[in-house]
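K.L.:
What follows is a predicted structure for the sequence shown.
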Amino acid sequence: MASNQFADISKDLFNQIKFIESRVKDDSFKDAVKLLATAEKTCEHLESLMTPDNQLQTHIISNRRLEIGWLHDNIQQGLQKKKKPAKKRASK
């Protein structure tokens, strides 16, 4: 039962990450921040279901953590780009 639950939550987390990636590509960084918080909680829940010494589950969680970290960095960079003021051209 626990392995089925792990698989279901792992698949859900994978889908959440893919959706967040699409929001980042669409420059919807504020939406992505909210979704990323949910994905992080899902990842924590997934870790709590992990069977001790299961290399496959450890690898899955490690990969999801990396993806979440990359998304976090991409979102932060995107938010910083939006805050930069537009350069005005000098009048002639």
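P.N.:
In hand now; what should we look at? Numbering: from 1, shown residues only.

K.L.:
And the residue sitting nearest the centre point of the chain, how far from residue 53?
P.N.:
Centroid check for the chain by C-alpha atoms, centre = their mean gives residue 68 as the closest residue, at 3.5 Å. Distance, residue 68 to residue 53, using C-beta to C-beta, to the nearest Å: 23 Å. From N, CA and C alone the C-beta is placed, and that goes for glycine too.

K.L.:
remind me which residues of the protein are low pLDDT?
P.N.:
Applying pLDDT under 70 to the chain flags residues 1-3, 82-92.

K.L.:
and if we set it to 90?
P.N.:
1-4, 27-30, 49-53, 78-92 (pLDDT under 90).

K.L.:
any idea which helix or strand carries the nearest residue to residue 27 once chain neighbours are set aside?
P.N.:
Excluding its sequence neighbours, the residue lying closest to residue 27 (C-beta to C-beta, 6 or more residues apart in numbering) is residue 78, at 6.4 Å. Using DSSP states H and E, residue 78 maps to helix 55-83.

K.L.:
helices or strands next to that helix in the packing?
P.N.:
For helix 55-83, the contact count by 3 or more C-beta pairs under 8 Å, 6 or more residues apart in numbering; DSSP states H and E identifies helix 2-25, helix 29-48 as packing neighbours.

K.L.:
Would you check how far apart the residue nearest to residue 35 when sequence neighbours are not counted and residue 10 are?
P.N.:
Using C-beta to C-beta, 6+ apart and skipping the chain neighbours, the partner closest in space to residue 35 is residue 20 (4.9 Å). Separation of residue 20 from residue 10 (C-beta to C-beta) stands at 16 Å.
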